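[1] Compute the structure for the input listed below.
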Amino acid sequence: MEQKKSLFSAFFSFNLTVICGILIGLFVNAISTEAKPVSTFLFDPTLYIVSSILAVGFRLFWWLTLEKGTMFEAKQVFVRTIQDIIVINVVVLSTLSAIFLWETYF
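    Residues are numbered from 1 along each chain as shown. Reported below is the predicted structural model:
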């Protein structure tokens, strides 16, 4: 029997979604310039759409390869996909804010 996980367990566990969120945040920081600072990316919906598509893509790949695409737990897969979308977007924002604070005060 599988134990129920809360939304917050995904933030404190090691998973690929968190790593991808950090990498997206680092990439956005790397491509930002003085003419186009990080704040312009934060208000651009493209950042969130791309990160959400990446999260859905990883979950779909995981479901097709490891779970063999079974519809036995379709509700669980849908809930985990929504959870991954939330986690990756929060991690991107957290990474960008941590980089901003680091560059501002150090």
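
[2] contacting residues around the helix or strand bottoming out on mean pLDDT in the chain?
    One helix or strand of the chain scores below all others by mean pLDDT, DSSP states H and E: helix 38-42, with a mean of 86. For helix 38-42, the external contacting residues (Cβ atoms under 8 Å, 6 or more residues apart in numbering) are 28, 29, 32, 47, 93, 96, 99, 100. Heads up, the C-betas are built off the backbone N, CA and C, glycines and all.

[3] let's see it at 10 Å
    25, 28-29, 31-33, 47-48, 92-93, 96-97, 99-100, 103 (Cβ atoms under 10 Å, 6 or more residues apart in numbering).

[4] What's the first helix or strand after it?
    Next along the chain after helix 38-42, taking DSSP states H and E as the criterion, comes helix 45-65.

[5] Packing partners of that following helix?
    On a contact count with 3 or more Cβ pairs under 10 Å, 6 or more residues apart in numbering; DSSP states H and E, helix 45-65 meets helix 16-31, helix 38-42, helix 74-105.

[6] Out of those helices, which gets nearest to residue 53?
    Residue 53 lies closest to helix 74-105 among the helices and strands packed on helix 45-65, at 9.3 Å (Cβ to Cβ).

[7] Go through that closest one and flag the buried ones.
    Residues of helix 74-105 classed as buried under the neighbour-count rule (16 or more other Cβ atoms under 10 Å) are 77, 80-81, 83-89, 91-93, 95-96, 99.

[8] Now for these: which two are most distant?
    Taking Cβ to Cβ, no two of those sit farther apart than 77 and 99, at 32.7 Å.
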